[in-house]
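Trainee: pasting the structure only:
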Ligand SMILES: [Zn+2]
């Protein structure tokens, strides 16, 4: 079974491949600030309907609260300058942030209304949901294209979404998240 009904309706499905280093950075930075949210950016290569994520880099100065993180847009400009000069072939391809427990409400990989309002069309958006685990589970990609597993005391989910063009409302497409170094090559 490949693709969901959503994907069929909107055309070709969009996939992202996480390198092991980018996966480790996203998970460790999300767990490190558990009960607050982390925020960072993704460096890699963008192909047609496909993102190769090489590095994930947390913003060191994001204003972080339990429910949202914000970042000064000038910092994004400075990062792009650095990449243009130093990282040949790699580019800024999107960002990631975490969702976590808020009171008794568990964090999910669903983008919030605020997330969608600030989403840049054409960029990859990853959400890493961190909750306390009930039992251990090995890492796998579930049927909705979400990467899920446990580490330490936590249950982690990494989901992706994508907005084709600027619009009002809450429409977005799910991005299928792959990380073969973690799930093995025969999953899905
Ligand atoms: Zn969010």
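Mentor: Arrived safely, thanks for sending. This is a predicted model, so every value here is computed, not measured.
Trainee: Show me what residue 94 bridges to in the sheet.
Mentor: Under DSSP bridges, the beta-bridge partners of residue 94 are residue 42, residue 124.
Trainee: number of nearby residues for it?
Mentor: For residue 94, the count of nearby residues is 24 (other Cβ atoms under 10 Å). C-beta: built from backbone N, CA, C; applies to glycine.
Trainee: residues contacting it?
Mentor: 41-42, 51, 120, 123-126 (Cβ atoms under 8 Å, 6 or more residues apart in numbering).
Trainee: now do residue 89
Mentor: residue 45.
Trainee: Per-residue pLDDT of it, please?
Mentor: As predicted, residue 89 sits at a pLDDT of 82.
Trainee: I'd like the contacts of residue 94 laid out as JSON lines, including distance to the ion.
Mentor: Listed next are these as JSON lines, based on distance: Cβ to the ion, whole Å:
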{"residue": "41", "distance to the ion": "15"}
{"residue": "42", "distance to the ion": "15"}
{"residue": "51", "distance to the ion": "19"}
{"residue": "120", "distance to the ion": "14"}
{"residue": "123", "distance to the ion": "14"}
{"residue": "124", "distance to the ion": "14"}
{"residue": "125", "distance to the ion": "9"}
{"residue": "126", "distance to the ion": "10"}
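Trainee: Check pLDDT for those residues and point me to the minimum.
Mentor: At the low end of pLDDT for those is residue 120, which has 87.
Trainee: Look at that residue and give its secondary structure.
Mentor: Secondary structure assignment for residue 120 (DSSP: H, G, I helix; E, B strand; the rest coil): coil.
Trainee: So the residue nearest to the spatial centre of the chain: helix, strand or coil?
Mentor: Residue closest to the average C-alpha location in the chain (Cα atoms, centre = their mean): residue 126, at 1.4 Å. Under three-state DSSP, the three-state class of residue 126 is strand.
Trainee: Tell me who's in contact with it.
Mentor: Counting by Cβ under 8 Å, 6+ apart, residue 126 has contacts 16, 26, 42, 53, 56, 94-97, 158-160, 177.
Trainee: Ok, residue 158 next?
Mentor: With Cβ under 8 Å, 6+ apart, residue 158 has these contacts: 18, 23, 26-27, 109, 126-129, 146-148, 177, 179.
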